[in-house]
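Novice: One predicted model, sequence on top.
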Amino acid sequence: MAPITTNAVTLSQQEVTTVKAAKGDHGVDWSKYQDINGKWGYANDKFSISQVGGYYNGSFVEQYTYPTQVRNTIAMGRRAHTYIYAQFSGRWQADQMLNYYLPKVQTPKGSIVALDVESGSPDTDSVLYALKRVQDAGYTAVLYGYKNFLTSHLDLHQIASQYPLWLAEYPNYAVTPNPNYNFFPSFENVAIFQFTSTYIAGGLDGNIDLTGITDNGYKNGNAQKPQTNTPAMNAGKQLHQDTHNYTVQRGDSWWSIAHKYGMDMYTLASLNNQTINNAIYPGEVLRVADKDDSKKVDNKVNQPIAQPNTGSNTWTDNMGDTWHKENGTFTSTTWLHLRWGAKPSSSAIAYLGPGATIKYDAWSNHNGFIYVRQPRANGYGYIAVRNAYNHVPYGAFK
């Protein structure tokens, strides 16, 4: 997120020993470059901070990867938080940015929603105004950036007196699994230190929680006990409940582990924030489906995640499809597939014949069909009920 430091502060040995994490948990931050599953550095990582989207002086760039990154973090038993790439000036742009992104936050109330201010021409008044809006919305408001940029554009002392900071300084681009406090960006109220952009080979931001702030939003820091719930949180909790830890043995492969637990190997890799192209090693710990839950886990991993319910009757899911709230009953007049997702390629739940009745709570027009959504005990089912091109229905509605 931030460039390498060019004039890092060198601390004396006495100063270095005082810069210690009260909490000490390591974690990562993600954007679309870490793909839909996210990417972990090490087994002891405890949190992720995912980008919900970016704002660039009036332009919006959403991160389609955000909902599944939040879900997968919770599924792994880790804490999920949020950040917004925030290039804005003035209160009007702050409002435009937050009116758009705050309703899309999938992490719980109390969790971190950070403003990533590292470009453009920010001003102190609008940054303080935006942070207060985040705080008033019920989240832990945090300012992210690298010290040189922030101090050259803002009264950082004034901001730090009211809100915690997440500062970045990198000593170099060598793989750095632990912070080098000789390059700590000395300032008041630093809650998180992003100490490298090369946490692992190939690049990944590494962070350390200095105060315990990443516990915020979770009862006693327990990822399975969020302060509030969202669709992504619920999906992640369900996946965690339906899976357990498995330690990779010598000779294991993605296929052999998936076969042992009745899972699809691609889903197994996705659940564990990886792909089947990633090597796995003896001693590595993966999440696998519990007995008799393999199909449920496969379906949950591949199911779309709805936007948080903000009282709106229209929302866009993480697949980019727009849904509209509507309660009704559909009775088919032909054979139709009820699926786990609203795509022709989604896994089938059942093949329903004429006379089958589906109670639905929403509809969407995409991929050439009108789909309706059926609430189920373990998620949602989806069925195409009308041809979107000629409007011919596949049954009757009431």
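Specialist: Now that the structure is in, tell me what you want to look at.
Novice: going forward, measure contacts between C-alpha atoms and count neighbours the same way
Specialist: Fine.
Novice: what separates the most centrally placed residue in the chain from residue 228, distance-wise?
Specialist: The centroid of the chain falls nearest to residue 70 when counting by C-alpha atoms, centre = their mean (2.7 Å). Between residue 70 and residue 228 the distance is 14 Å, computed by C-alpha to C-alpha, to the nearest Å.
Novice: And for residue 152?
Specialist: From residue 152 to residue 228 the distance is 37 Å (C-alpha to C-alpha).
Novice: With neighbour numbers in mind, choose between these two.
Specialist: More neighbours surround residue 228 than the other of residue 152 and residue 228, with 15 against 9 (other C-alpha atoms under 10 Å).
Novice: what residues are up against residue 124?
Specialist: The neighbourhood of residue 124, defined by C-alpha atoms under 8 Å, 6 or more residues apart in numbering, consists of 153-156, 159.
Novice: would you list every one of the helices in the stretch 101-250 of the chain?
Specialist: Counting by DSSP state H, counting those that start in this stretch, the stretch 101-250 of the chain has these helices, from start to end: 124-136, 147-153, 156-160, 231-241.
Novice: which of the contacts of residue 124 are buried?
Specialist: Taking 16 or more other C-alpha atoms under 10 Å as the criterion, what is buried in these is 154, 156, 159.
Novice: Tabulate those (CSV), appending distance to residue 51 and pLDDT.
Specialist: CSV is the format used below for the buried ones among the contacts of residue 124 (distance: C-alpha to C-alpha, whole Å; pLDDT from 0 to 100):
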residue, distance to residue 51, pLDDT
154, 23, 98
156, 23, 98
159, 22, 98
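Novice: Quick check: beta-bridge partners of the residue nearest to residue 173 when sequence neighbours are not counted?
Specialist: Among residues not flanking residue 173 along the chain, residue 198 sits closest, at 6.0 Å (C-alpha to C-alpha, 6 or more residues apart in numbering). Listed beta-bridge partners, residue 198: residue 204 (assigned using DSSP bridges).
Novice: Verify the contact between residue 198 and residue 179 for me.
Specialist: No - Residue 198 is not in contact with residue 179 according to C-alpha atoms under 8 Å; the separation is 11.3 Å.
Novice: Wait, residue 372 touches residue 366, no?
Specialist: No - look at residue 372 against residue 366 with C-alpha under 8 Å: they stay out of range, at 11.1 Å.
Novice: Of the two, which one has the most company?
Specialist: Neighbours per residue (other C-alpha under 10 Å) separate residue 372 from residue 366, with residue 372 holding more: 31 against 17.
Novice: Name the helix or strand for the more buried one, please.
Specialist: For residue 372, the host element (DSSP states H and E) is strand 369-376.
Novice: which of the residues in that strand are buried?
Specialist: 369-374.
Novice: What strands flank it, and is each parallel or antiparallel?
Specialist: Strand 369-376 is paired, per DSSP bridges, with strand 357-366 (antiparallel), strand 379-387 (antiparallel).
Novice: After the shortest one, which helix or strand is next?
Specialist: Counting by DSSP H and E, the element after strand 379-387 in chain order, helix or strand, is strand 395-397.
Novice: Quick check: residue 275 touching residue 269?
Specialist: Yes - Residue 275 is in contact with residue 269 according to C-alpha under 8 Å; the separation is 5.0 Å.
Novice: neighbour count winner among these two?
Specialist: Between residue 275 and residue 269, counted using other C-alpha under 10 Å, residue 269 has the larger neighbour count: 21 against 16.
Novice: List the contacts of the more buried one.
Specialist: Contacts of residue 269 (C-alpha under 8 Å, 6+ apart): 254, 275-276.
Novice: ok, now how distant is it from residue 302?
Specialist: Residue 269 sits 12 Å away from residue 302, going by C-alpha to C-alpha.
Novice: go on, residue 291?
Specialist: Distance from residue 291 to residue 302, by C-alpha to C-alpha: 19 Å.
Novice: now the end-to-end length of stretch 178-197.
Specialist: End to end - C-alpha to C-alpha - stretch 178-197 spans 12 Å.
Novice: what's the answer for stretch 241-256, then?
Specialist: Terminal residues of stretch 241-256 are spaced 22 Å apart (C-alpha to C-alpha).
Novice: Pull out the buried residues from stretch 118-125.
Specialist: 118-119, 122-124.
Novice: Also stretch 123-140?
Specialist: Quick answer for stretch 123-140 (16+ other C-alpha under 10 Å): 123-124, 126-128, 130-135, 138-140.
Novice: For that stretch, what does the pLDDT average out to?
Specialist: The average pLDDT within stretch 123-140 is 96.
Novice: Turn the contacts of residue 269 into TSV, columns for distance to residue 58, secondary structure and pLDDT.
Specialist: As requested, those are arranged in TSV below (distance: C-alpha to C-alpha, whole Å; DSSP: H, G, I helix; E, B strand; the rest coil; pLDDT from 0 to 100):
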residue	distance to residue 58	secondary structure	pLDDT
254	44	helix	96
275	36	coil	90
276	39	coil	93
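Novice: Show me which of those is closest to residue 165.
Specialist: Nearest to residue 165 among the contacts of residue 269, counting by C-alpha to C-alpha, is residue 275 at 33.8 Å.
Novice: how close does the closest one sit to residue 124?
Specialist: With C-alpha to C-alpha as the criterion, residue 275 and residue 124 are 43 Å apart.
Novice: Residue 194 too?
Specialist: Taking C-alpha to C-alpha as the measure, residue 194 falls 22 Å from residue 124.
Novice: likewise residue 204?
Specialist: Separation of residue 204 from residue 124 (C-alpha to C-alpha): 30 Å.
Novice: Now do the buried residues in stretch 266-284.
Specialist: Result for stretch 266-284 [16+ other C-alpha under 10 Å]: buried residues 266-275, 280.
Novice: Go through the residues you listed and flag which are in strands.
Specialist: Using DSSP state E, no member of those falls within strands.
Novice: ok, back up a step: would a markdown table of the helices of the stretch 101-250 of the chain with distance to residue 393 be doable?
Specialist: Output for the helices of the stretch 101-250 of the chain, formatted as a markdown table (distance: least, C-alpha to C-alpha, whole Å):
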| stretch | distance to residue 393 |
| --- | --- |
| helix 124-136 | 45 |
| helix 147-153 | 58 |
| helix 156-160 | 58 |
| helix 231-241 | 30 |
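Novice: Kind regards, and thank you for your time.
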